[in-house]
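# Everything below, folded, please.
(chains A and B)
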Amino acid sequence: MRRWLMLLLLAAASLGSPGVPAGEAKPLAEDELTEKRLIAIASELRCLVCQNESLAGSHAELANDLRREIRTLIRDGKSDSEIMEFMVNRYGDFVRYRPPLTGTTLLLWFGPGALFVVGLAALVRYLRRRDRAISDTPLTPDEQGRADTLLQDPDSRQGQP
Amino acid sequence: MIPEVGNFALVLALCVALTQGTLPLLGAHLNRQQWVALARPAAVAQALLLAIAFGCLTTAFVQNDFSVVYVAQHSNTLLPLQYRVAAVWGGHEGSLLLWVVMLVLWTLAVALRSTQLPEAMVARVLGVLGLVSAGFLLFILFTSNPFERLLPGAAEGRDLNPLLQDPGLIIHPPMLYMGYVGFSVAFAFAIAALLSGQLDAAWARWSRPWTTAAWVFLTIGIALGSWWAYYELGWGGWWFWDPVENASFMPWLIGTALVHSLAVTEKRGSFKNWTVLLAISAFSLSLLGTFLVRSGVLTSVHAFATDPRRGIFILVFLGTVIGSSLALFAWRAPKVGLGGRFGLLSRESLLLTNNVLLVVACASVLLGTLYPLLIDALGAGKLSVGPPYFDAVFVPLMLPAVFLMGVAPCARWKHASVRELARTLRWAFVAAAVVGVGAPFLFGEWKPLVALSLLLAAWIVFSALLNLFERVQSTRAGQPFLAAVRRQPRSFFGMHLAHVGISVFIVGVTMVGAYQAEKDVKMEPGDTVSVGGYSFRFNGVREEKGPNYRALVGDIDLLKNGAAVRKMFPEKRFYVASSMPMTEAAIDTGFLRDVYVSLGEPIDKARPDAAWAVRVYYKPFVDWIWGGCVLMAMGGLLAISDRRYRIKARSAAPAPAVTTASLAQNA
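Predicted coordinates:
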């Protein structure tokens, strides 16, 4: 709170002070490739102090620090998977937004695919059985009679909607 | 005094809801007309009582009555009036009240607009809605009463979460809840039909416009939430696969399946059981969403364990609703006819396939949302399931569904042939392929996934145009083309408009995902940075004072080719009462791109007049995401306004009136 007040005071004091000579802004990373890799890695990681935000999106201070740390790791020539491993070693699997494939996550990773296959198989089976069930039940004489009258009556015919 | 009136109104509303949920249902079963006739007046009375309760809570907020716990927790004297009103649904208790208010509004709408329905049906539908309402009122009164007093009253309120102090809060939750709760009407129609044993085309026709209306609200509600997150969270993401978002997305997926399944049930009399099951699922998922969001189980399984009262109640309620509906379904479903016959390839089977894909997609989202909770509850560790997982699972499931969207409207009912479909659609496909493969070249880098997405988006549009053309040609009968176009029913245009909405949405998602550019830079006053063909000149920050916050406002010139486009003012706000900082991005919205700037932190904390960390984004086509949702919703509205619902309403209106009159004479 006090820090913020000071910030505001300073900001107010600085208004109207002469502008600094213009220049191209310095990226926080040294080069674009580093920045691209940082974004890619950081969006796979969870910001640990936020409700549910990725490290790429968070404005939290811890996230800023971690992003800086990842930049350093990139500069040191670490590969993406090495950086990921470093983060997981420090914070556990919780930090990864893409859960690793292990015994406990088998259902998570293969569940949707299995559901897809089972769903389509059930659908085809249902359609076949349904087709048979309908064609196997002949009309009773009473129903046949009603169907005939309906077919003869032009008003009751329905066009293709 | 006013909060006590509100509380009393809630208690009375519960009594009315219990009456509405019992006597009309019994009356319809035992054929007792006096009991059946209770349904409508009860619905009106309940709506009035809840309007009073809601009005009382709003008054407490407007008058800053901090002797009410809920008000003291979610408001502050400095909070501007519009946010004090919206703060009514800014927390747990109030959003539940909003839930029930929405429910009674839907109930009231059904009560007033159902004159063409048989009285027994109306009684059953309103009865089921009454039971749902009773459940929620019990929940509010016993675990989450917004009128609870704080003695002695607080001198000042704790203030509303700054994230919520935004026009988004005023409109997003009511829309979303209208959608969520709207599925209760589809649910009530399904249960009423099961109770009466009349699962027929008439039932499908009655419940169809209601279901579409709920779907329209949910679509708009989700889109608003996404747009809100986009401009409020400060880094321009539009969907996070957050459990709370998933909670609203799952009913949407099932609701979409339901809308399509109802179409088949109405037109062809098939899929009745499936439709009923979807109606039950859509509503159950709405309840599950409420449970997930409201029980605290999402933040931590342990938060749920320390105060399990609310969670247990919703869980029992959820169990009762799902259990009893499924039991009823299991009892009645075997007696339901199969409907018309159709071939393995037909519009029916294609719609059913799309339904399966939507349901599997929904189940996958559910799996991903619940999995961390499950693992944690089993003590097998903590893990996060986030966007990379959902993207990997959800997108492949949706690709075939989107492809089928182009095929199904062109396929015949009952029986379609592959050869005929291929002949009809080949040029649409060729054109789509040309667009899909060619378009990415215009944006620099050619990426295979972009090509595939754009192909599918173009496919939807071209096949819709082709379908329109063919249909008009075949029904034209010598008339001028445009006259024949105008004669097509609105629901036909509604369908295609909604599909084109999906196409527009896909373009937005694809383009922003593939060609977004961003830079995270350190800017001294006077510095410039360029991204996506635009330059930004940072002129420093100045201080500003809001009603309940202080802000540091960045002054940035947006330039294109050296010429000034406009000024942009991203803010860093500091809310006084809650001591919370907030980032307010500045966005220049355009048809083909957004330019987005947000202020990070000063590089040196002690010198906010010097360099700042600034993030700038160039986001091509991002507004198409929400534009697509708006088109989907407009498509739904067009479908509801179709002539056939109005004609049926008018021509069928006298019949029930006569029967009630004659029954009244007999009684």
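
# Got the phi and psi for B:G600?
The phi/psi pair for B:G600 (degrees, to the nearest 10) reads phi -90, psi -120.

# So the residue nearest to it when sequence neighbours are not counted: helix, strand or coil?
Distances taken as C-beta to C-beta, 6 or more residues apart in numbering or on different chains put B:A613 closest to B:G600, at 3.2 Å, once the chain neighbours are dropped. (Each C-beta comes from the backbone N, C-alpha and C, glycine too.) What DSSP: H, G, I helix; E, B strand; the rest coil gives for B:A613 is strand.

# OK, contacts around B:A613?
Contacts for B:A613 (C-beta atoms under 8 Å, 6 or more residues apart in numbering or on different chains) come out as A:L28, A:N64, B:D520, B:V521, B:K522, B:M523, B:L599, B:G600, B:E601, B:P602, B:I603.

# From A:R37, how far out is it?
B:A613 is 19 Å from A:R37, where distance means C-beta to C-beta, to the nearest Å.

# how about the helices in the stretch 301-450 of chain B?
Listed in chain order, the helices of the stretch 301-450 of chain B (DSSP state H, counting those that start in this stretch) span residues B:301-306, B:308-332, B:347-377, B:387-407, B:418-442, B:448-475.

# Go through stretch B:433-444 and flag the buried ones.
Within stretch B:433-444, the residues scored as buried using 16 or more other C-beta atoms under 10 Å in any protein chain shown are B:V435, B:G436, B:A439, B:P440.

# mind checking pLDDT for the nearest residue to the second one once chain neighbours are set aside?
I take that to be B:G436. Excluding its sequence neighbours, the residue lying closest to B:G436 (C-beta to C-beta, 6+ apart) is B:L455, at 2.6 Å. Note on B:L455: pLDDT of 94.

# For A:L108, see how far away B:L455 is.
Counting by C-beta to C-beta - B:L455 and A:L108 are separated by 30 Å.

# So which of these two has more stuff around it?
A count of neighbours by other C-beta atoms under 10 Å in any protein chain shown puts A:L108 above the other of B:L455 and A:L108, at 23 against 20.

# Show me the domain layout of the chain.
The chain I'm using is chain A. Using automatic domain parsing, the domain ranges for chain A come out as A:29-100, A:104-150.

# hmm, I had chain B in mind actually
Split by automatic domain parsing, chain B gives B:1-164, B:517-621.

# for the record, mean pLDDT for the shortest one?
Confidence for domain B:517-621, expressed as mean pLDDT, is 88.

# Give me the below-cutoff pLDDT ranges for the chain.
Picking chain A for this. Chain A contains residues with pLDDT under 70 at A:1-23, A:27-30, A:135-141, A:152-161.

# I was after chain B.
B:234, B:295-296, B:299-307, B:646-667.

# For it, just list every one of the strands.
Taking DSSP state E as the criterion, chain B carries its strands at B:517-523, B:528-531, B:534-545, B:549-560, B:563-568, B:571-575, B:580-584, B:586-589, B:593-602, B:612-620.

# can I get the ones you listed in JSON lines with distance to B:N354?
Listed next are the strands of chain B as JSON lines, based on distance: least, C-beta to C-beta, whole Å:
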{"stretch": "strand B:517-523", "distance to B:N354": "36"}
{"stretch": "strand B:528-531", "distance to B:N354": "40"}
{"stretch": "strand B:534-545", "distance to B:N354": "41"}
{"stretch": "strand B:549-560", "distance to B:N354": "43"}
{"stretch": "strand B:563-568", "distance to B:N354": "43"}
{"stretch": "strand B:571-575", "distance to B:N354": "45"}
{"stretch": "strand B:580-584", "distance to B:N354": "40"}
{"stretch": "strand B:586-589", "distance to B:N354": "33"}
{"stretch": "strand B:593-602", "distance to B:N354": "32"}
{"stretch": "strand B:612-620", "distance to B:N354": "30"}
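
# Go through the ones you listed and name the closest to B:M511.
Go through the strands of chain B one by one with C-beta to C-beta and the one that ends up closest to B:M511 is strand B:612-620, at 4.8 Å.

# Quick check: neighbours of the closest one in the sheet, parallel or antiparallel?
strand B:517-523 (antiparallel), strand B:593-602 (antiparallel) (DSSP bridges).

# which one of those is the most hemmed in?
Mean neighbour count (mean count of other C-beta atoms under 10 Å in any protein chain shown) peaks for strand B:593-602 among these, with a mean of 23.

# burial measure for B:I460, as a count.
24.

# tell me the contacts of it?
Contacts of B:I460 by C-beta under 8 Å, 6+ apart are B:V402, B:M405, B:G406, B:H499, B:V500, B:I502, B:S503, B:I506.

# how much space between the residue nearest the centre of chain A and A:L106?
The centroid of chain A falls nearest to A:Y97 when counting by C-alpha atoms, centre = their mean (9.1 Å). According to C-beta to C-beta, A:Y97 stands 18 Å off from A:L106.

# Spatially nearest residue to the residue nearest to the centre of chain A, not counting backbone neighbours?
B:G386 (2.8 Å).

# re earlier: hmm, B:V435 and the residue nearest to B:G436 touching each other?
Yes. When contacts are counted by C-beta atoms under 8 Å, B:L455 is listed as touching B:V435 (6.9 Å).

# Now do the contacts for the residue nearest to B:Q165 when sequence neighbours are not counted.
The shortest distance from B:Q165 to any non-neighbouring residue, by C-beta to C-beta, 6+ apart, is to B:Y83 (5.2 Å). B:Y83 makes contact with B:L160, B:L164, B:Q165, B:L169, B:I170, according to C-beta under 8 Å, 6+ apart.

# what's around the closest residue to the last one other than its chain neighbours, how many residues?
Okay, so that is B:I170. Of all residues not flanking B:I170 in the chain, B:A86 sits nearest, at 4.4 Å (C-beta to C-beta, 6+ apart). A count of nearby residues for B:A86, using other C-beta under 10 Å, gives 26.

# From A:R125, how far off is the residue most central in space within chain B?
For chain B, the residue nearest the mean C-alpha position is B:L218 (2.4 Å; C-alpha atoms, centre = their mean). Between B:L218 and A:R125 the computed distance is 32 Å (C-beta to C-beta).

# ok, how many other residues are close to B:Y617?
By other C-beta under 10 Å, the burial measure for B:Y617, its neighbour count, is 23.
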